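>>> A structural model of the following input is requested.
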Amino acid sequence: MSTPRVRSNLPRDEARRRYVELAELAVLEQIRADAAALDGQSLAIGPFARLDAGAVAAREGKTRGAVNNLFGSQAALQIETMAYALEAADLVGSVEYPALAEHETDEAWVAAFFAAQSARGPAHGADPALDYAALWALWLATVPYGVWSERVSGPSMEEYRGWIADLERTLRAAIDHFGRELDEGATITDLATAAAALIEGAWLNQCLTGAHPAHPAEPAAEALRRSGRLLWRGATRPR
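Next comes the predicted model:
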(Lines give C-alpha, C1' and ligand atoms only; values in the text may rest on other atoms or scores of the structure.)
Protein backbone atom coordinates (compact mmCIF):
# COMPACT_ATOMS: atom_id res chain seq x y z
CA MET A 1 0.00 0.00 0.00
CA SER A 2 1.22 3.47 -0.84
CA THR A 3 1.72 5.97 1.96
CA PRO A 4 -0.93 8.68 1.81
CA ARG A 5 0.41 12.17 1.13
CA VAL A 6 0.24 14.61 3.99
CA ARG A 7 -0.65 18.16 3.01
CA SER A 8 1.57 20.78 4.65
CA ASN A 9 -0.11 23.03 7.17
CA LEU A 10 2.57 25.70 6.82
CA PRO A 11 1.57 29.08 5.41
CA ARG A 12 2.64 29.49 1.77
CA ASP A 13 5.60 31.80 2.51
CA GLU A 14 6.90 29.52 5.25
CA ALA A 15 6.50 26.48 3.00
CA ARG A 16 8.47 28.19 0.23
CA ARG A 17 11.22 29.08 2.70
CA ARG A 18 11.30 25.50 3.97
CA TYR A 19 11.81 24.13 0.45
CA VAL A 20 14.54 26.68 -0.22
CA GLU A 21 16.33 25.58 2.94
CA LEU A 22 16.03 21.94 1.89
CA ALA A 23 17.37 22.84 -1.55
CA GLU A 24 20.35 24.66 -0.04
CA LEU A 25 21.13 21.60 2.04
CA ALA A 26 20.91 19.46 -1.09
CA VAL A 27 23.39 21.77 -2.86
CA LEU A 28 25.86 21.49 0.02
CA GLU A 29 25.52 17.73 0.05
CA GLN A 30 26.16 17.66 -3.72
CA ILE A 31 29.30 19.77 -3.27
CA ARG A 32 30.52 17.40 -0.57
CA ALA A 33 29.87 14.39 -2.80
CA ASP A 34 31.67 16.03 -5.73
CA ALA A 35 34.59 16.95 -3.47
CA ALA A 36 34.91 13.37 -2.24
CA ALA A 37 34.82 12.11 -5.83
CA LEU A 38 37.48 14.66 -6.80
CA ASP A 39 39.94 13.25 -4.28
CA GLY A 40 39.39 9.78 -5.70
CA GLN A 41 39.74 10.68 -9.38
CA SER A 42 40.46 13.57 -11.72
CA LEU A 43 37.33 15.54 -12.52
CA ALA A 44 36.31 19.16 -12.95
CA ILE A 45 33.98 20.93 -10.52
CA GLY A 46 31.92 24.11 -10.45
CA PRO A 47 32.20 26.33 -13.55
CA PHE A 48 35.06 24.21 -14.92
CA ALA A 49 32.69 21.26 -15.34
CA ARG A 50 30.62 23.40 -17.74
CA LEU A 51 33.60 24.44 -19.86
CA ASP A 52 32.84 23.70 -23.52
CA ALA A 53 35.88 22.56 -25.49
CA GLY A 54 34.18 23.50 -28.76
CA ALA A 55 33.66 27.08 -27.60
CA VAL A 56 37.29 27.28 -26.48
CA ALA A 57 38.59 25.99 -29.82
CA ALA A 58 36.34 28.41 -31.71
CA ARG A 59 38.27 31.30 -30.17
CA GLU A 60 41.22 30.15 -32.28
CA GLY A 61 39.05 29.50 -35.34
CA LYS A 62 39.31 25.74 -34.80
CA THR A 63 36.98 22.90 -33.89
CA ARG A 64 36.72 20.75 -30.79
CA GLY A 65 38.96 18.21 -32.50
CA ALA A 66 41.94 20.53 -32.00
CA VAL A 67 41.36 20.40 -28.23
CA ASN A 68 40.95 16.61 -28.30
CA ASN A 69 44.24 16.27 -30.20
CA LEU A 70 46.08 18.27 -27.54
CA PHE A 71 44.35 17.08 -24.37
CA GLY A 72 42.68 13.82 -25.36
CA SER A 73 39.25 14.93 -24.21
CA GLN A 74 37.13 17.85 -23.05
CA ALA A 75 37.36 16.52 -19.48
CA ALA A 76 41.17 16.73 -19.57
CA LEU A 77 40.98 20.38 -20.69
CA GLN A 78 38.52 21.12 -17.89
CA ILE A 79 40.79 19.54 -15.28
CA GLU A 80 43.94 21.32 -16.46
CA THR A 81 42.13 24.66 -16.59
CA MET A 82 40.89 24.14 -13.03
CA ALA A 83 44.38 23.20 -11.85
CA TYR A 84 45.78 26.46 -13.23
CA ALA A 85 43.22 28.48 -11.27
CA LEU A 86 43.89 26.56 -8.06
CA GLU A 87 47.59 27.32 -8.07
CA ALA A 88 48.71 30.57 -9.70
CA ALA A 89 52.02 30.70 -7.83
CA ASP A 90 53.83 32.16 -10.84
CA LEU A 91 51.49 35.16 -10.80
CA VAL A 92 51.99 35.64 -7.05
CA GLY A 93 55.75 35.60 -7.53
CA SER A 94 55.56 38.34 -10.15
CA VAL A 95 53.79 40.88 -7.89
CA GLU A 96 55.58 44.24 -7.75
CA TYR A 97 55.32 46.29 -4.55
CA PRO A 98 55.77 50.08 -4.21
CA ALA A 99 59.40 51.13 -4.05
CA LEU A 100 60.43 52.07 -0.51
CA ALA A 101 62.77 54.83 -1.65
CA GLU A 102 59.95 56.66 -3.42
CA HIS A 103 58.04 57.34 -0.17
CA GLU A 104 59.16 59.74 2.53
CA THR A 105 57.18 58.17 5.38
CA ASP A 106 56.12 54.69 6.34
CA GLU A 107 52.43 55.62 6.22
CA ALA A 108 52.80 56.97 2.68
CA TRP A 109 54.34 53.65 1.64
CA VAL A 110 51.65 51.67 3.48
CA ALA A 111 48.93 53.65 1.71
CA ALA A 112 50.57 52.95 -1.65
CA PHE A 113 51.04 49.28 -0.76
CA PHE A 114 47.39 48.66 0.07
CA ALA A 115 46.14 50.80 -2.82
CA ALA A 116 48.22 48.63 -5.15
CA GLN A 117 46.79 45.48 -3.58
CA SER A 118 43.28 46.78 -4.16
CA ALA A 119 44.12 47.39 -7.83
CA ARG A 120 45.56 43.87 -8.11
CA GLY A 121 42.28 42.32 -7.01
CA PRO A 122 38.93 41.87 -8.75
CA ALA A 123 36.85 44.87 -9.81
CA HIS A 124 33.05 44.79 -9.87
CA GLY A 125 31.76 44.79 -13.43
CA ALA A 126 35.18 44.36 -15.06
CA ASP A 127 35.47 42.40 -18.30
CA PRO A 128 36.91 38.87 -18.02
CA ALA A 129 40.68 38.89 -18.50
CA LEU A 130 43.48 36.40 -18.00
CA ASP A 131 45.06 38.03 -14.96
CA TYR A 132 45.43 37.29 -11.27
CA ALA A 133 42.22 39.10 -10.32
CA ALA A 134 40.16 36.93 -12.66
CA LEU A 135 41.90 33.73 -11.60
CA TRP A 136 41.27 34.63 -7.97
CA ALA A 137 37.58 35.05 -8.77
CA LEU A 138 37.59 31.64 -10.47
CA TRP A 139 39.29 30.18 -7.40
CA LEU A 140 36.39 31.47 -5.30
CA ALA A 141 34.09 29.14 -7.22
CA THR A 142 36.07 26.14 -5.90
CA VAL A 143 36.41 27.24 -2.28
CA PRO A 144 33.33 25.36 -0.96
CA TYR A 145 34.79 22.12 -2.35
CA GLY A 146 37.94 22.76 -0.35
CA VAL A 147 35.97 22.10 2.84
CA TRP A 148 35.87 18.42 1.84
CA SER A 149 38.62 18.04 -0.77
CA GLU A 150 42.37 17.92 -0.26
CA ARG A 151 42.88 18.27 -3.99
CA VAL A 152 41.34 21.74 -3.82
CA SER A 153 42.72 22.85 -0.46
CA GLY A 154 46.25 21.50 -0.99
CA PRO A 155 47.45 23.61 -3.94
CA SER A 156 45.40 26.59 -2.78
CA MET A 157 47.16 26.63 0.59
CA GLU A 158 50.58 26.13 -1.00
CA GLU A 159 49.99 29.26 -3.07
CA TYR A 160 48.75 31.12 0.01
CA ARG A 161 51.83 30.17 2.03
CA GLY A 162 54.03 31.41 -0.79
CA TRP A 163 52.20 34.74 -0.73
CA ILE A 164 52.58 35.00 3.05
CA ALA A 165 56.33 34.44 2.70
CA ASP A 166 56.48 37.14 0.02
CA LEU A 167 54.56 39.56 2.26
CA GLU A 168 56.88 38.78 5.17
CA ARG A 169 59.91 39.81 3.11
CA THR A 170 58.20 42.94 1.81
CA LEU A 171 56.86 44.12 5.16
CA ARG A 172 60.14 43.32 6.96
CA ALA A 173 62.00 45.45 4.43
CA ALA A 174 59.55 48.33 5.04
CA ILE A 175 59.95 48.05 8.82
CA ASP A 176 63.73 48.20 8.52
CA HIS A 177 63.72 50.97 5.92
CA PHE A 178 61.52 53.30 7.94
CA GLY A 179 63.21 52.64 11.28
CA ARG A 180 60.31 50.83 12.92
CA GLU A 181 59.95 47.59 14.83
CA LEU A 182 57.19 45.10 15.52
CA ASP A 183 55.07 45.79 18.56
CA GLU A 184 55.62 43.57 21.58
CA GLY A 185 54.27 40.08 21.04
CA ALA A 186 53.84 40.49 17.28
CA THR A 187 55.79 38.57 14.67
CA ILE A 188 56.36 39.30 11.01
CA THR A 189 54.23 36.25 10.17
CA ASP A 190 51.40 37.69 12.25
CA LEU A 191 51.58 40.94 10.30
CA ALA A 192 51.82 39.24 6.92
CA THR A 193 48.93 36.90 7.68
CA ALA A 194 46.75 39.76 8.90
CA ALA A 195 47.59 41.79 5.79
CA ALA A 196 46.72 38.87 3.51
CA ALA A 197 43.41 38.30 5.29
CA LEU A 198 42.61 42.00 5.08
CA ILE A 199 43.45 42.16 1.38
CA GLU A 200 41.39 39.12 0.41
CA GLY A 201 38.50 40.30 2.56
CA ALA A 202 38.51 43.58 0.65
CA TRP A 203 38.68 41.67 -2.63
CA LEU A 204 35.46 39.87 -1.71
CA ASN A 205 33.73 43.24 -1.45
CA GLN A 206 35.34 44.38 -4.69
CA CYS A 207 33.65 41.48 -6.46
CA LEU A 208 30.31 43.04 -5.49
CA THR A 209 30.93 46.79 -5.57
CA GLY A 210 33.30 49.32 -7.05
CA ALA A 211 32.83 51.61 -4.07
CA HIS A 212 33.65 51.59 -0.37
CA PRO A 213 31.14 49.05 1.05
CA ALA A 214 30.08 51.39 3.87
CA HIS A 215 30.64 54.75 2.15
CA PRO A 216 29.52 54.47 -1.50
CA ALA A 217 30.82 57.94 -2.33
CA GLU A 218 34.39 56.69 -1.81
CA PRO A 219 36.29 54.25 -4.05
CA ALA A 220 36.72 50.63 -3.01
CA ALA A 221 40.48 51.06 -2.57
CA GLU A 222 39.88 53.54 0.22
CA ALA A 223 38.48 50.82 2.47
CA LEU A 224 41.61 48.72 2.13
CA ARG A 225 43.97 51.68 2.38
CA ARG A 226 42.47 52.91 5.65
CA SER A 227 42.23 49.45 7.19
CA GLY A 228 45.80 48.73 6.19
CA ARG A 229 47.00 51.89 7.89
CA LEU A 230 45.28 50.83 11.13
CA LEU A 231 46.88 47.39 10.88
CA TRP A 232 50.34 48.91 10.38
CA ARG A 233 49.92 51.32 13.29
CA GLY A 234 48.81 48.53 15.59
CA ALA A 235 51.52 46.08 14.63
CA THR A 236 54.56 48.36 14.45
CA ARG A 237 56.08 51.25 16.40
CA PRO A 238 59.05 53.62 16.06
CA ARG A 239 62.33 51.98 16.93
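>>> what segments of this protein are strands?
180-182, 236-238 (DSSP state E).
>>> Serialize those to JSON lines and add fields for distance to A55 and mean pLDDT.
C-beta: built from backbone N, CA, C; applies to glycine. Output for these, formatted as JSON lines (distance: least, Cβ to Cβ, whole Å; pLDDT from 0 to 100):
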{"stretch": "strand 180-182", "distance to A55": "51", "mean pLDDT": "97"}
{"stretch": "strand 236-238", "distance to A55": "50", "mean pLDDT": "96"}
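>>> out of these, nearest to A58?
strand 236-238 (52.9 Å; Cβ to Cβ).
>>> list the buried residues for that closest one?
For strand 236-238, burial by neighbour count (16 or more other Cβ atoms under 10 Å) applies to T236.
>>> swap in stretch 149-166?
S149, R151, V152, S153, P155, S156, E159, Y160, W163, D166.
>>> domains for this structure, by residue range?
12-85, 87-238 (automatic domain parsing).
>>> where are the low-confidence patches of this protein?
1-8, 89, 92-93 (pLDDT under 70).
>>> again, only this time at 50
Within the chain, no stretch has pLDDT under 50.
>>> check contacts around the residue nearest in space to the middle of it.
In the chain, the residue lying closest to the centroid (Cα atoms, centre = their mean) is W136, at 4.2 Å. The contact partners of W136, taken as Cβ atoms under 8 Å, 6 or more residues apart in numbering, are A88, G121, P122, W203.
>>> report how many residues lie close to the third one.
Pointing back at P122 there. 22 (other Cβ atoms under 10 Å).
>>> in space, what's closest to it - neighbours in sequence excluded?
Nearest residue to P122, sequence neighbours excluded (Cβ to Cβ, 6 or more residues apart in numbering): A133, at 4.5 Å.
>>> now do the last one
In space, not counting the residues next to it along the chain, W203 is nearest to G121; the distance is 3.8 Å by Cβ to Cβ, 6+ apart.
>>> contacting residues for E107?
So E107 contacts R229, W232 (Cβ under 8 Å, 6+ apart).
>>> among the domains of the chain, which is the most enclosed?
domain 87-238 (a mean of 16; mean count of other Cβ atoms under 10 Å).
>>> end to end, how far does that one reach?
Domain 87-238 has an end-to-end distance of 37 Å (criterion: Cα to Cα, to the nearest Å).
>>> break down the protein into its helices, ranges please.
12-40, 53-58, 64-71, 74-86, 89-93, 106-120, 132-140, 143-146, 150-177, 188-208, 220-235 (DSSP state H).
>>> for L198, give its distance to F113.
The gap separating L198 from F113 is 11 Å, by Cβ to Cβ, to the nearest Å.
>>> same check on A220?
Relative to F113, and taking Cβ to Cβ, A220 is found at 16 Å.
>>> likewise for I79?
I79 sits 36 Å away from F113, going by Cβ to Cβ.
>>> likewise L171?
9 Å.
>>> now G179
17 Å.
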